[in-house]
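1. need coordinates for the below:
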Amino acid sequence: MKLALFDALRAGPPPPRVALLPDALFFTRAVPVAAGASAGEAAAQVELALEGVSPFPLAQLFYGWFWAPGAEHAFVFASYRRRFTSEQTAAWDRVELVLPAFAALVGGDVPPATTVLLASPEGLTAVHWATGPVPSHVLFQALTPEATDEDRARGRDELLRAVGGSMTVIDLSAPPAADPARSDREIIFRSGDFVSRLTAASAAALDVRDKENLAALRRGRRRDVILWRVTLGCAAALGLFALGEIALIGGNAWQKVRLAQLNGQRPAVEKIMKSQDLANRIDDLATKRLLPWEMITLLLSAEGNLVPDKIKFTRVSATTKEGIYTMRIEAQTNNVGLIPIYRSALEKLPACERVVSVSEGTRGEVATFTFAVTFKPGAIKPGLPST
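-> Modelled structure (predicted):
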């Protein structure tokens, strides 16, 4: 169901409902369009040309046209309204597009000098492109339902001779049908392998109905498309909510299993943690304790004459408040220049991490200073080093 829903979302709007009218009921013309004309100007020129060639006013015609921007001509078709019964025209209100069958093919991407032949119960229709995207000729050859294959072949040859200059001929045995499009901005017709793509504006111009009524129908079509999208969006949201609910149910079940395993392992874990805490406590008592005599020995340097002769210690202290690796030295000397020398010597000790001068001062000829010496963790081992 989930895959079907996403396929529907990707497929775009459903194909429009289309009424294809018999080609035999329409006369066709190619009319020139001024260079650089806009879509509105081209429509005005087409209607003016149609009024000139038709024996009936536009109000008595069902007509449409096809024009591509930049094309030098438009293709127009029309039929006298009285050729259609009131029942036929009443049925048009239930569809989005009404046009002759050949008009559904004009959006085909074909090379120059191409003729498309469309077979129908009434006969054969030839749509010919000389150059450019707009057809130059549309001709119809009537054939009776009892026509033989030889009659149809002869009619086909007559149409090809009439349009002339066909380099490519495409025979279509089935009428074009509307396909689903990616959006409501285009309409796609397909007959076998032949595909015709029409923009929404081109399809509106091809529709033969009253243009004012068409505007109302297009508004209804846009409303239907919006409702379709909202419906699919709601369905997708409901599907996502359902998936989320299933995921929550599965997550709760997994959490219960995990908690049961955790509670079952809790006594063993607590026993291991207590054993680890006891081992850490024993190690701390053995190694991580205040070692003042060992630090004093390093400060006095059993490895050499670290302390200059004229520096005398007045007080040495180590407390756990400052850390088990820090010792304070209070000393005095008659030579102020020896203070930085002694500090430098302390900093060069491999076991020394840093030396901080806490205070320095003088009283007469005697200079006093206090150093806070911090050793590297693990650098001092219990027991006095050998001298």
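2. what's the local residue count around V138?
-> 25 (other CB atoms under 10 Å). The C-beta positions use only the backbone N, C-alpha and C, and glycine is treated the same way.
3. pretty sure it sits against W129.
-> No: assessed by CB atoms under 8 Å, V138 is found out of contact with W129, at 10.4 Å.
4. excluding chain neighbours, what is closest to V163?
-> Nearest non-adjacent residue to V163, counting by CB to CB, 6 or more residues apart in numbering: H128, 3.9 Å away.
5. wait, doesn't the one you found sit right on M167?
-> No: using CB under 8 Å, H128 makes no contact with M167, being 10.7 Å away.
6. can you list residues touching both of those two?
-> T114 (CB atoms under 8 Å, 6 or more residues apart in numbering).
7. strands of the stretch 151-300 of the chain, start to end?
-> Taking DSSP state E, counting those that start in this stretch, the strands of the stretch 151-300 of the chain run over residues 168-172, 177-179, 186-191, 194-199.
8. kindly reformat those as TSV containing distance to T314.
-> As requested, these are arranged in TSV below (distance: least, CB to CB, whole Å):
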stretch	distance to T314
strand 168-172	112
strand 177-179	102
strand 186-191	98
strand 194-199	100
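9. ranking those strands by burial, who's on top?
-> Of those, the one with the most neighbours on average (mean count of other CB atoms under 10 Å) is strand 186-191, at a mean of 20.
10. can you show me the CA trace of that strand as CSV?
-> C-alpha atoms of strand 186-191 as CSV (Å, rounded to 0.1, in the frame of the first residue of the first chain):
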residue,chain,number,x,y,z
GLU,A,186,0.9,20.1,-19.7
ILE,A,187,-1.3,17.5,-21.4
ILE,A,188,0.3,14.4,-23.0
PHE,A,189,-1.4,12.4,-25.8
ARG,A,190,-0.1,9.0,-26.9
SER,A,191,-0.9,6.7,-29.8
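11. how far off centre is that strand?
-> From the chain centre to the centre of strand 186-191 is a distance of 27 Å (CA atoms, centre = their mean, to the nearest Å).
12. so between H128 and M167, which is more surrounded?
-> Taking other CB under 10 Å, H128 and M167 do not tie; H128 has more neighbours (23 against 9).
13. per-residue confidence at that one?
-> With respect to pLDDT, H128 has a value of 96.
14. and the helix or strand encompassing it, how far out from the chain middle?
-> Here H128 sits within strand 123-129, counting by DSSP states H and E. Strand 123-129 has its C-alpha centroid displaced from the chain centroid by 43 Å (CA atoms, centre = their mean).
15. so where do the helices sit in the stretch 101-250 of the chain?
-> Using DSSP state H, counting those that start in this stretch, the helices assigned to the stretch 101-250 of the chain run over residues 149-163, 200-206, 211-286.
16. so of those, which one's packed in deepest?
-> helix 200-206 comes out most buried of the helices of the stretch 101-250 of the chain by mean count of other CB under 10 Å, with a mean of 19.
17. residues making contact with it?
-> 39, 43, 64-68, 97, 99, 103, 106-107, 184-187, 198, 214, 218.
18. now list the buried members of those residues.
-> Buried residues within the contacts of helix 200-206, defined by neighbour count using 16 or more other CB atoms under 10 Å: 43, 64-68, 97, 99, 103, 106-107, 184, 186-187, 198, 214, 218.
19. so which bits of the longest strand along the chain are buried?
-> Secondary structure of the chain per DSSP state E: the longest strand is strand 352-363. Under the neighbour-count criterion of 16+ other CB under 10 Å, strand 352-363 has C352, V355 buried.
20. show me what that strand is packed against.
-> Helices and strands touching strand 352-363, by 3 or more CB pairs under 8 Å, 6 or more residues apart in numbering; DSSP states H and E, are helix 338-347, strand 366-375.
21. can you tell me which of these is packed in deepest?
-> strand 366-375 (a mean of 18).
22. need the residues that contact it.
-> With CB under 8 Å, 6+ apart, strand 366-375 has contacts from 295, 298-299, 314, 322-323, 325-336, 339, 343, 346, 351-362.
23. could you do stretch 81-99 as well?
-> By CB under 8 Å, 6+ apart, the list of residues contacting stretch 81-99 reads 16-21, 25, 60-62, 64, 178, 187, 203, 206-209, 217, 221.
24. on that earlier part again, can you put the helices and strands packed on strand 352-363 in TSV and add mean pLDDT and distance to Y80?
-> Output for those, formatted as TSV (pLDDT from 0 to 100; distance: least, CB to CB, whole Å):
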stretch	mean pLDDT	distance to Y80
helix 338-347	88	111
strand 366-375	90	109
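25. just so I know, which of these lies nearest E47?
-> strand 366-375 (98.0 Å; CB to CB).
26. may I ask you to confirm that I324 is in contact with P292?
-> No: assessed by CB under 8 Å, I324 is found out of contact with P292, at 9.6 Å.
27. the two - which one has more neighbours?
-> Shown here are I324 and P292; by other CB under 10 Å, I324 has more neighbours (18 against 14).
28. and that one, what pLDDT?
-> 81.
29. domain parsing for the chain?
-> Per the record, the chain has its domains at 2-209, 292-375, by automatic domain parsing.
30. where among the ones you listed is the average confidence lowest?
-> Checking each of the domains of the chain, the one with the poorest mean pLDDT is domain 292-375, at a mean of 83.
31. that domain: how far from the chain's middle?
-> 68 Å.
32. returning to that earlier point: which of the domains of the chain sits closest to S275?
-> domain 292-375 (24.7 Å).
33. quote the end-to-end distance of that closest one.
-> With CA to CA, to the nearest Å as the measure, domain 292-375 spans 11 Å from end to end.
34. I'd like to know which of the strands of the stretch 151-300 of the chain is closest to I226.
-> Of the strands of the stretch 151-300 of the chain, the one closest to I226 (CB to CB) turns out to be strand 186-191, at 17.0 Å.
35. and the angle for the closest one with strand 168-172?
-> 80 degrees (axes from the mean of the first three to the mean of the last three CA atoms, to 10 degrees).
36. who does strand 186-191 pair up with?
-> strand 177-179 (antiparallel), strand 194-199 (antiparallel) (DSSP bridges).
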